[in-house]
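Asks: any chance you can model this:
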Amino acid sequence: MAEILIVDDDVQLRQSFARLLGEEGYDVRMASSGEAGIQAVEDHLPDLVVMDVRMPGIDGIETLQRIQAIDAKLPVVIMTAFGTTETAIEATKQGAFDYVLKPFDVGDMLKIIEQAVSAGRMMHQQVQMGAGPETGGADAIIGQSPSMQKVYKAIGRVAPTDATVLIRGESGTGKELVARAIYQHSQRAGKPFLVINCVAIPETLLESELFGYERGAFTGAASRRVGKFEQAHGGTVFLDEIGDMPMSIQAKILRLLQERSVERLGGQRPIDVDVRIIAATNRDLERALEDERFREDLYYRLKVVTIKMPPLKERKEDIPLLIDYFLSRFSREMQINNPGISDEARQGVEQHFWPGNVRELGNTIKKALIFSRGYPIQAGNIYQAIAGESRDDNDGGGTDLETAGRNWIRAMLASEENPDMFNFLMDQFGRMVVGEALNLTGGNRSRAARLLGMSRPTLQARIEKYNLSLETSVKSS
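Replies: Sure thing, here's the model as predicted:
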């Protein structure tokens, strides 16, 4: 559970804010002044500080500076009245994670808090490389195969430099962990590390999210807004799924790489920005170049150094290590004794194709631990975890769920020719999954996001994409 420190001299705001965050599952502490906030950070380091600018005694800017002296990686979100927006922007340039105008929109504030907590965790929690099953922490790159040794060497060589890095590989291979390892071993390790998922943010919002905007730039732009690249000044930005980035924004990324500057929407002048770019994609960029869906000049700017993450099918010798790692890790997280795994179950894991790579393998071991109820994991638990339903070990057929799904897919494929059929089917499944999560949680988006294993902004993007609401999800269930 993330711990948030609220620093504000307004008693009513502190208490109402604490109730709101408590309902969202956060552990909240409060301080009434900058001095008290600094003391609270010294006594026990929180995961995030949310702080007002104008307070009696030392103001929010000086408090921010003194908090940074305690821990430069501790994210701080500044709250400010409309009239002190420029002060808040200055605070952002000095290292604040973000700023929010009072009175703030609750949904927007919760999104920023979730992003800040996630960023703080990624900056603080070290990624271990080549760790053993028993010593690997929650964030570890596991593998001793020759292909993984190449990855470790590449990280070691590129991390101390300022070179742009392109990480390529299938979904679930661990590209974000590699990006974080590069950041943590770089000279920018004490500065911000921000992750931007180019797919999770709707195209209409992505440009303003990355580059910010000036007041009046578009309808609803009531004040100036600093973009993610400015927020990360001096640090590192990880652009995940860059192969899906719209062409219009690709041109602005190219300018950033070439000129080290950005221009806010509605802005009249470039703003110097010092950030290192690490990008990742599971797309065939060469094919995208041929189809004119990706800029050739940006392609060559990004691949100054390329790190290729091998799929699990190409490093099967690492699967035994991964099994033991996930058993040890998830047993610790569930606070149970490691029950072990039978030889038959281990063999089943090693022989499976694992199209979802390490992520799918980890999720399967976690579910199998739950199904085994504290006893050694058996082959049936693995089959159940993979299929999603119980299955007889001797039954060569699929589950009822599998059969129903396959029949529906066949019917759709046979019904008509659709050039975008694959994405259509994926969207149909996605709509059902997200709708059921909303239905199960009574519309609580934070809880639904946790159930689905995604961030709240990602869930919000899916809800908007599928045009979902609690009412529509209930009707579809």
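
Asks: so what's residue 65 up against?
Replies: Going by Cβ atoms under 8 Å, 6 or more residues apart in numbering, residue 65 touches residue 94. All C-beta atoms are positioned from the backbone trio N, CA, C, and that covers glycine.

Asks: where's it, which helix or strand?
Replies: Element membership for residue 65, per DSSP states H and E: helix 60-70.

Asks: could you do residue 320 as well?
Replies: helix 319-334.

Asks: low-scoring stretches of this structure, by residue?
Replies: Judged by pLDDT under 70, the chain has its weakly predicted residues at 82-83, 388-408, 410-418, 469-477.

Asks: for the stretch 151-300 of the chain, which segments count as strands?
Replies: Taking DSSP state E, counting those that start in this stretch, the strands of the stretch 151-300 of the chain run over residues 165-168, 193-197, 212-213, 225-226, 236-240, 261-262, 271-272, 276-281.

Asks: any chance of these in CSV, with mean neighbour count and distance to residue 206 too?
Replies: Shown next, in CSV, are those (neighbours: other Cβ atoms under 10 Å; distance: least, Cβ to Cβ, whole Å):
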stretch, mean neighbour count, distance to residue 206
strand 165-168, 24, 19
strand 193-197, 21, 8
strand 212-213, 23, 12
strand 225-226, 22, 14
strand 236-240, 24, 11
strand 261-262, 18, 14
strand 271-272, 14, 18
strand 276-281, 25, 14
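
Asks: please name whichever of those is nearest to residue 204.
Replies: Closest of those to residue 204 is strand 212-213, at 12.5 Å (criterion: Cβ to Cβ).

Asks: which one is residue 452 nearest to, not counting chain neighbours?
Replies: Excluding its sequence neighbours, the residue lying closest to residue 452 (Cβ to Cβ, 6 or more residues apart in numbering) is residue 437, at 5.2 Å.

Asks: can you verify my assumption that that neighbour contacts residue 454?
Replies: No - in this structure, residue 437 is not within contact of residue 454 by Cβ atoms under 8 Å, at 9.5 Å.

Asks: what about those two, which has more around it?
Replies: Taking other Cβ atoms under 10 Å, residue 437 and residue 454 do not tie; residue 437 has more neighbours (22 against 18).

Asks: can you give me the buried ones in stretch 251-258?
Replies: Using 16 or more other Cβ atoms under 10 Å as the test for burial, stretch 251-258 gives 252-254, 256-257.

Asks: closest one of these to residue 265?
Replies: The closest of the buried residues of stretch 251-258, once distances to residue 265 are taken by Cβ to Cβ, is residue 252, at 10.1 Å.

Asks: so what's the closest one up against?
Replies: Taking Cβ under 8 Å, 6+ apart, one finds 207, 210-211, 262-263 in contact with residue 252.

Asks: picking up where we left off before, put the alpha carbons of the helix holding residue 65 into PDB.
Replies: The C-alpha coordinates for helix 60-70 follow below in PDB (Å, rounded to 0.1, in the frame of the first residue of the first chain):
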ATOM      1  CA  GLY A  60       6.200  25.100  -0.900                       C
ATOM      2  CA  ILE A  61       9.200  25.900  -3.200                       C
ATOM      3  CA  GLU A  62      11.700  25.900  -0.300                       C
ATOM      4  CA  THR A  63      10.000  22.800   1.200                       C
ATOM      5  CA  LEU A  64      10.400  21.100  -2.100                       C
ATOM      6  CA  GLN A  65      14.100  21.900  -2.200                       C
ATOM      7  CA  ARG A  66      14.700  20.600   1.300                       C
ATOM      8  CA  ILE A  67      12.700  17.400   0.600                       C
ATOM      9  CA  GLN A  68      14.900  16.800  -2.500                       C
ATOM     10  CA  ALA A  69      17.900  17.200  -0.300                       C
ATOM     11  CA  ILE A  70      16.600  14.300   1.700                       C
END
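
Asks: and that helix, what's buried?
Replies: By 16+ other Cβ under 10 Å, the buried positions in helix 60-70 come out as 60-61, 63-64, 67-68.

Asks: same question for stretch 421-441.
Replies: Applying a neighbour-count criterion of 16+ other Cβ under 10 Å, one finds 431, 434-439, 441 buried in stretch 421-441.

Asks: make TSV out of those and add secondary structure.
Replies: Shown next, in TSV, are the buried residues of stretch 421-441 (DSSP: H, G, I helix; E, B strand; the rest coil):
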residue	secondary structure
431	helix
434	helix
435	helix
436	helix
437	helix
438	helix
439	helix
441	coil
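
Asks: between these, which sits nearest residue 133?
Replies: Nearest member of the buried residues of stretch 421-441 to residue 133, counting by Cβ to Cβ, is residue 437, at 31.8 Å.

Asks: what's the spacing between the closest one and residue 22?
Replies: 22 Å (Cβ to Cβ, to the nearest Å).

Asks: and the buried residues of stretch 251-258 as TSV, adding distance to residue 334?
Replies: Output for the buried residues of stretch 251-258, formatted as TSV (distance: Cβ to Cβ, whole Å):
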residue	distance to residue 334
252	44
253	41
254	46
256	43
257	44
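
Asks: narrow those residues to those in helices?
Replies: When DSSP state H is applied, those are split such that 252-254, 256-257 fall in helices.
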